[in-house]
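Peer 1: All I have is the shape, not the residue letters:
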């Protein structure tokens, strides 16, 4: 059974969308990635930090989803990272209302001994130095996937470039790909980013799907057209968790298999946005996942006279 | 051999993009649709109007592409419709610099006798009353496809709704679908538009691809990611021409076959944007079309464990 090691925030979110608002609920990139990857039969662990205000029930929830939490440090007297945001009516844009780093400010990730030989590493969106520190603790991984965002490009570009140079796959959104590369065309942007280190570049376009680039090869997965997007929070992390979870389960990191991984990631993300926070991901069944996978096939597969 | 009847502008365009600008060149929805559909082995005709300033070489170009031009009226002493536009740096938005309706202002379409029994009708973007007039002249077509735009929603909505009620397929872009339906979700928008008449709704998203809706079924075709988009003019019309051209050639108007038609349309549109105006479409070979069709397959086709 493959080992997947995830580093990412485990946090409180307070979310407001046109459909309602929440109090502090379970959130964080590490949480979403972990829950998403838990749909595959793999041995995964999350490395993160929380305060002693973090409810045991949330930690239990992760454990009950077969996520190893030995690497989640609980800081006595500390407060858990908190993010609050409000989505605009189109749900594509949002304002951050509040960010309280709390225990995240001094986070020094410690990889549990039994996961230092993990084959698959997912570096969730965090300070690049935290991502680097995690990488330095693991031995010879088979595949390292990096997620990051414009905030680190704006504020810690040098450190970010060091991480980018060390990973196999990077996932970023279209605007971030343009910012990082200085190229408007995503084809050119991906090529420039490959020169920075990653052999594979995944560009996330939200409701417009995701692109996978590797040398001259390109694959595209649409987002499933949904009647209603309820809360987009965590969709990108859920996508990443499904992507690396599928690769870890199959153990196959070829471009062809990454195509399927992109579809599995998109599929899981399509559930995530249906309810607030992690709610939908907590009640997801294999039957529901497979049914929607068939919808993805119907959505994209076609016959041509060349067949 | 199926007959395809097209109504649409045949015009002069003057285009400015970040890559250069043109003098008056051949343009118009009818021209792009006709040239695109001419890649299929069908009997097609364009109904339109030009002034006597329209060069014979452009009419010959259409004839040489096996497009019947008996329905293109040449108004003695009249001037051809002229449009001029400038694209912004992202090539997704443009300003119209000049529009001279000229002979188009009094255009009364006349369908040539031998095309009144055409099985396939493409109503290119034009005043809804012109589209209606054409429809009234044809007998029992097998499939009518309508292309339109927000200008007619803003200025001739009642007339537009009359045309929409009579067609089988409508092609519009995402913003127009939202405007027409009052729904932000494209899934809901398509459902509302189906209630207005069309059994099939095609929503064009430019660089983000196109969606086909029919009752509960959805199909998605991406736009081919290109290194450089040179001039987007005519891409939507080329898409529509490829869509209906493929349907006319195969004679099969099932949802399954429409999937392929969407891919053929997207494929042809990907060539259109590579050069100014109709230039690329004039030099297109079957070999190039089939090669790129294979790229579309590689871009979108995947395996799952459900296979």
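Peer 2: Ah, there it is. Note that this is a predicted model, so its numbers are computed, not measured. Numbers count the residues shown, from 1 in each chain, chains lettered A, B, ... in the order given.
Peer 1: can you list contacts of the helix or strand residue A:162 falls within?
Peer 2: In this assignment (DSSP states H and E), residue A:162 forms part of helix A:157-164. Counting by CB atoms under 8 Å, 6 or more residues apart in numbering or on different chains, helix A:157-164 makes contact with A:123, A:127-129, A:131-132, A:135, A:146, A:148, A:152-153, A:170, A:193, A:196-198, all of which sit outside it. Where you see a C-beta, it was placed from the backbone N, CA and C, and this is true even at glycine.
Peer 1: Just the buried subset of these, please.
Peer 2: Buried members of these, scored by 16 or more other CB atoms under 10 Å in any protein chain shown, are A:123, A:127-129, A:131-132, A:135, A:146, A:148, A:152-153, A:170, A:193, A:197-198.
Peer 1: And the next helix or strand past the helix holding residue A:162?
Peer 2: Taking DSSP H and E, what comes next after helix A:157-164 is strand A:169-173.
Peer 1: next SSE after that following strand?
Peer 2: helix A:174-181.
Peer 1: so residue A:47 is in which element?
Peer 2: Assigned by DSSP H and E, residue A:47 falls in strand A:43-51.
Peer 1: who does that strand pair up with?
Peer 2: Strand A:43-51 has these partner strands in its sheet, going by DSSP bridges: strand A:3-7 (parallel), strand A:67-68 (parallel), strand A:72-75 (parallel).
Peer 1: Quickly compare those and say which is most buried.
Peer 2: Ranked by mean neighbour count, the strands paired with strand A:43-51 are led by strand A:3-7 with a mean of 29 (mean count of other CB atoms under 10 Å in any protein chain shown).
Peer 1: what about the helices in chain A?
Peer 2: Counting by DSSP state H, one finds helices in chain A at the ranges A:29-37, A:56-64, A:128-136, A:150-155, A:157-164, A:174-181, A:186-195, A:235-250, A:255-272, A:279-282, A:286-300.
Peer 1: and those, which is most packed in?
Peer 2: helix A:29-37 (a mean of 31).
Peer 1: How far away from the center of its chain is that helix?
Peer 2: Centroid displacement of helix A:29-37 relative to its chain, using CA atoms, centre = their mean, to the nearest Å, is 7 Å.
Peer 1: again, but for stretch A:79-89
Peer 2: On the basis of CA atoms, centre = their mean, stretch A:79-89 sits 17 Å off its chain's mean C-alpha point.
Peer 1: what mean pLDDT does it have?
Peer 2: Mean pLDDT, stretch A:79-89: 95.
Peer 1: how long is it end to end?
Peer 2: 31 Å (CA to CA, to the nearest Å).
Peer 1: which bits of the stretch 201-307 of chain A sit near chain B?
Peer 2: A:205, A:208-209, A:211, A:217-222, A:225-229, A:256, A:259-260, A:262-264, A:290, A:293-294, A:297-306 (CB under 8 Å from any CB of the partner chain).
Peer 1: that older thread, quick one: which of the contacts of helix A:157-164 is nearest residue B:39?
Peer 2: residue A:193 (35.5 Å; CB to CB).
Peer 1: For residue A:225, give me the pLDDT.
Peer 2: Residue A:225 is given a pLDDT of 94.
Peer 1: hang on, residue A:45 packs against residue A:66?
Peer 2: No - using CB atoms under 8 Å, residue A:45 makes no contact with residue A:66, being 10.1 Å away.
Peer 1: more neighbours, the two?
Peer 2: residue A:45 (22 against 14; other CB atoms under 10 Å in any protein chain shown).
Peer 1: which regions of chain A sit below the pLDDT cut-off?
Peer 2: Applying pLDDT under 70 to chain A flags the ranges A:305-307.
Peer 1: Any idea which residue is closest to the centre of it?
Peer 2: With distances taken as CA atoms, centre = their mean, residue A:237 lies nearest the centre of chain A, 2.5 Å away.
Peer 1: Please verify my assumption that residue A:37 contacts residue A:242.
Peer 2: Yes - taking contacts as CB under 8 Å, residue A:37 lies within contact range of residue A:242: 7.1 Å.
Peer 1: List the residues that contact residue A:227.
Peer 2: B:185, B:187, B:188.
Peer 1: The residue in the stretch 51-200 of chain A that chain B sits nearest to - nearest residue in space that isn't next to it in sequence?
Peer 2: Among all residues of the stretch 51-200 of chain A, residue A:187 sits closest to chain B, at 4.6 Å; criterion: CB to the nearest CB. Distances taken as CB to CB, 6 or more residues apart in numbering or on different chains place residue B:227 nearest to residue A:187, at 4.6 Å, with adjacent residues excluded.
Peer 1: Residues of the stretch 51-200 of chain A that sit close to chain B?
Peer 2: Counting by CB under 8 Å from any CB, the stretch 51-200 of chain A sits next to chain B at A:89, A:90, A:184, A:185, A:186, A:187, A:188.
Peer 1: TSV please, covering those residues and showing distance to residue B:103.
Peer 2: Listed next are those as TSV, based on distance: CB to CB, whole Å:
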residue	distance to residue B:103
A:89	44
A:90	41
A:184	38
A:185	39
A:186	41
A:187	41
A:188	42
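Peer 1: hmm, which two among those residues are most spread apart?
Peer 2: Of all pairs in those, the most separated under CB to CB is A:89 and A:188 at 32.9 Å.
Peer 1: if we can go back for a sec, for residue B:117, find the nearest of the strands paired with strand A:43-51.
Peer 2: strand A:3-7 (63.4 Å).
Peer 1: rewinding a little: please tabulate the strands paired with strand A:43-51 in CSV, including the columns distance to residue B:73.
Peer 2: Shown next, in CSV, are these (distance: least, CB to CB, whole Å):
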stretch, distance to residue B:73
strand A:3-7, 68
strand A:67-68, 71
strand A:72-75, 76
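Peer 1: which one of these lies closest to residue B:6?
Peer 2: Distance to residue B:6, taken as CB to CB, is lowest for strand A:3-7 among the strands paired with strand A:43-51, at 55.0 Å.
Peer 1: Name the residues that touch the closest one?
Peer 2: Against strand A:3-7 from outside (CB under 8 Å, 6+ apart): A:30, A:33-34, A:37, A:42-48, A:71, A:109, A:111, A:115, A:117-124, A:126, A:130-131, A:134, A:138, A:141, A:241, A:244-245, A:248.
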